[in-house]
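1. what would the 3D arrangement of this be:
(2 chains)
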Amino acid sequence: MLTLNGKTYQNTDELFHDAIAMNLDISDIEKVKFDKYARLQKLGRALQLPTPLAVLQIQVKNPNQAEHGILKISDSWVRNQYVIQHQTMALANWSSATFGSGLNSAKRTSGAICPVGGEYYTAVFYGSETSSGYYAAANDASNGIVIGTGITAESLDSFALTTPIANGTGTGQMSFNACGVTKTWSSPTWTAAWVRIINNNSGGTITVNECALYASLFSGYSHSFNNPLYPTIMTNRDKLASGEDILDAGQLTVTYNIIITYP
Amino acid sequence: MGLIINELPEIDKVYTDHIQALNDPKLLKEYQDLCFDLHLPCPSAYWTLETRIKDKLIERKRQPAGSWTRNFWNWLASTQLYVNSNHATSFGAGYISWKSTAGVVGGSTTALLRMLQGVSYADLVYDAIAGYGVAADVTTNYGILAGTGSTAFSIENFAMETLIANGTGSGQFSYQSMIESTWSWTVGTLTMNFNRFRYMNNNSGGDITVEEVGLVAKSASPNMYILLERHVTGGLLVPNTAQLKAEYDTKMVYPS
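-> From the prediction side, this is the model:
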């Protein structure tokens, strides 16, 4: 059972049907993944173990073209997300000032590490859905749902988009609307639909090859300065199988439905 | 309501509860394999309970944890979806809120659930101080707790059924401070583990049978104690003068 964009699907066939009706491309491989997830979700409920899932939906509206897009399971959580989810479940702190396999730390989109040596941080969630996490204000291309032109393969250790698209109307730039959320309870799932509309007013075509989730995370206080710290970290990066051309005056809508299934 | 596991047509074995299902390595392996296949995080947790008299091991039980309460699932939802609590006074299916061990409901429709914040700037390392999280000192308000209630776990549990009080009187344990261990990494299984434990001494003059253990966190905003897990042990005898070590491991398997 999945709830996407406020609609609950009892089985994957209903979901595939709607995707086709919306002209969303969903490959046979993706269909198998959705079916596997349906099995995992049942097993997770039975064993009372978490099975958090993100589903990526991309919709393209180009001038004089039919609307189209893709629907896929976002199977590219990066190391940051594994660490943060584990810390959340364990109610535990950062413990390493270096980043990588076997280490309990995160790498910011800037490349700096949480925590920074000499200061004390902890992965505490603080803020609200309208000020932190995946929220982003209009024209802010450094938080929330972000996109890029990079074609580098997905990697567990990615910490930023390969080639981010900046906000603006200049060449190669796009105009980012705010990134906001709608949350839906449909027993037994809570779903957060994070949505962002991004317009191309650059005067030329831009090919979007990658999407990501950037989270603004409260990471504790600096002992030295008594300052609250809100580093931005990437939790997920999806490299698209084929790039989406956004024509001048075209519009891209990116939605991440993130789902927590209760027992 | 029957167990969901018994409704899965592909599984022909009947289980009495989710812990028994978790003890079936075949099911846990299928869960892990599907997580790997879909590149999803694969967490799990374990309780280890040991009784000793003067360093001599009397009994040891290692059991899958995962009897997580609605409080825990709400915490997971709020923090992984980055969404606010949706009600300050209602608790149950469809609400992202807290219910304290005292039965008080809390939350804020304008904020994420908050577990550990609200401390002064001097108290920063939340899980390593006696004050917040589960790093309890000598108190039975929070941390790892033990009880004698044997009623089956329910996701709606918000307190221990029959908490064993701190002290040396009849039916009481002398609780020690929570011990925080470091993280550990096992290369072979690509597993990160976080371990915490607590000693409880039985100086009550009589034997005590521990039927339940729990994990309670302290939140500062709102200021309340929150039961995250309640595990029914099946009975563990702690003889007079014996020491109980209750250990809780949270694990995450990485793809590489």
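
2. only C-alpha atoms from now on, for both contacts and neighbour counts.
-> OK.

3. pLDDT below threshold where in chain B?
-> B:1-2, B:9, B:115-136, B:181, B:220-222 (pLDDT under 70).

4. all helices of it, in order?
-> For chain B, applying DSSP state H gives helices covering B:18-22, B:25-37, B:70-81.

5. same question, the stretch 1-150 of chain A
-> Assigned by DSSP state H, counting those that start in this stretch, the helices in the stretch 1-150 of chain A fall at A:12-21, A:28-47, A:79-90.

6. re the thing from before, let me know which of the helices of chain B is tucked in deepest.
-> helix B:70-81 (a mean of 24; mean count of other Cα atoms under 10 Å in any protein chain shown).

7. what is that one packed up against?
-> With contacts taken as 3 or more Cα pairs under 8 Å, 6 or more residues apart in numbering or on different chains; DSSP states H and E, helix B:70-81 sits against helix A:79-90, strand A:189-199, strand A:251-261, strand B:98-99, strand B:223-238.

8. ok, back up a step: figure out which of the helices of chain B is closest to residue B:224.
-> helix B:70-81 (12.1 Å; Cα to Cα).

9. most proximal residue of the stretch 1-150 of chain B with respect to chain A?
-> residue B:111 (4.2 Å; Cα to the nearest Cα).

10. got the contact list for that residue?
-> If you count contacts by Cα atoms under 8 Å, 6 or more residues apart in numbering or on different chains, residue B:111 has them with A:126-129, B:83-85.

11. could the residues you listed be laid out in JSON lines, adding neighbour count?
-> As requested, the contacts of residue B:111 are exported to JSON lines (neighbours: other Cα atoms under 10 Å in any protein chain shown):
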{"residue": "A:126", "neighbour count": "25"}
{"residue": "A:127", "neighbour count": "21"}
{"residue": "A:128", "neighbour count": "21"}
{"residue": "A:129", "neighbour count": "23"}
{"residue": "B:83", "neighbour count": "29"}
{"residue": "B:84", "neighbour count": "24"}
{"residue": "B:85", "neighbour count": "25"}
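
12. got CSV for the residues you listed, with distance to residue B:231 too?
-> Compiled in CSV, the contacts of residue B:111 are given as follows (distance: Cα to Cα, whole Å):
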residue, distance to residue B:231
A:126, 29
A:127, 32
A:128, 32
A:129, 32
B:83, 28
B:84, 28
B:85, 26
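
13. show me where chain B has its strands.
-> Using DSSP state E, the strands found in chain B span residues B:42-53, B:56-64, B:98-99, B:105-106, B:143-147, B:174-186, B:191-201, B:208-220, B:223-238, B:243-253.

14. got those as a markdown table, with distance to residue A:136 columns?
-> Formatted as a markdown table, the strands of chain B follow (distance: least, Cα to Cα, whole Å):
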| stretch | distance to residue A:136 |
| --- | --- |
| strand B:42-53 | 29 |
| strand B:56-64 | 39 |
| strand B:98-99 | 27 |
| strand B:105-106 | 27 |
| strand B:143-147 | 36 |
| strand B:174-186 | 33 |
| strand B:191-201 | 32 |
| strand B:208-220 | 27 |
| strand B:223-238 | 30 |
| strand B:243-253 | 29 |
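
15. which residue, other than its chain neighbours, is closest to residue B:69?
-> residue B:155 (4.4 Å; Cα to Cα, 6 or more residues apart in numbering or on different chains).

16. sorry, wrong one. I was asking about residue A:194.
-> Residue A:194 sits nearest to residue A:181 (Cα to Cα, 6+ apart), 4.4 Å away.

17. close to chain B, is the lowest-mean-pLDDT helix or strand in chain A?
-> Lowest on mean pLDDT, DSSP states H and E among the helices and strands of chain A sits strand A:113-114, with a mean of 82. No. Strand A:113-114 stays clear of chain B (Cα under 8 Å from any Cα of the partner chain), getting no nearer than 13.8 Å.

18. can you list contacts of that strand?
-> Applying Cα under 8 Å, 6+ apart, the contact partners of strand A:113-114 are A:94, A:97-99, A:105-108, A:121, A:219.

19. find the nearest non-adjacent residue to residue A:141, please.
-> Per Cα to Cα, 6+ apart, closest to residue A:141 is residue A:167, 5.7 Å.

20. right, I mislabeled it, should have said residue A:251
-> Closest to residue A:251 by Cα to Cα, 6+ apart is residue A:199, at 4.5 Å.

21. now residue B:93
-> residue A:187 (7.4 Å).

22. what is the neighbour count of the closest residue to residue A:188 other than its chain neighbours?
-> Once flanking residues are discounted, residue A:188 sits nearest to residue A:262: 5.2 Å by Cα to Cα, 6+ apart. For residue A:262, the count of nearby residues is 26 (other Cα atoms under 10 Å in any protein chain shown).

23. ok, so what distance separates the residue in the stretch 1-150 of chain A positioned nearest to chain B from residue B:82?
-> Per Cα to the nearest Cα, residue A:128 is where the stretch 1-150 of chain A lies closest to chain B, at 4.2 Å. Distance, residue A:128 to residue B:82, by Cα to Cα, to the nearest Å: 7 Å.

24. residue 109: what's it in contact with?
-> Just so you know, I chose chain A. Going by Cα under 8 Å, 6+ apart, the list of residues near residue A:109 reads A:159-160, A:232-234.

25. if you could check chain B rather than the one you did, that'd help
-> So residue B:109 contacts B:84-88 (Cα under 8 Å, 6+ apart).

26. and if you look at residue B:69?
-> B:154-158, B:227-230.

27. ok so, going back, contacting chain A as well, which ones from the contacts of residue B:109?
-> residue B:84.

28. so for residue A:125, what's the pLDDT?
-> Looking at residue A:125, its pLDDT is 63.

29. what does the one 10 residues further on give?
-> The pLDDT attached to residue A:135 in the predicted structure is 95.

30. that one contacts residue A:141, doesn't it?
-> No. Checked against Cα atoms under 8 Å, the pair residue A:135 and residue A:141 is beyond contact range at 11.0 Å.

31. so for those two, which residue has more residues nearby?
-> Of the pair residue A:135 and residue A:141, residue A:135 is the one with more neighbours under other Cα under 10 Å, namely 27 against 24.

32. strands paired with the least confident helix or strand of chain A, and their directions?
-> When pairing is defined by DSSP bridges, strand A:113-114 lines up against strand A:106-107 (antiparallel).

33. which residue, other than its chain neighbours, is closest to the residue of the stretch 1-150 of chain A closest to chain B?
-> Per Cα to Cα, 6+ apart, closest to residue A:128 is residue B:111, 4.2 Å.

34. quick check: the gap between that neighbour and residue A:13.
-> According to Cα to Cα, residue B:111 and residue A:13 sit 36 Å apart.

35. shared neighbours, residue A:128 and residue B:82?
-> With Cα under 8 Å, 6+ apart, residue A:128 and residue B:82 have common neighbours residue B:112.

36. all set, thanks.
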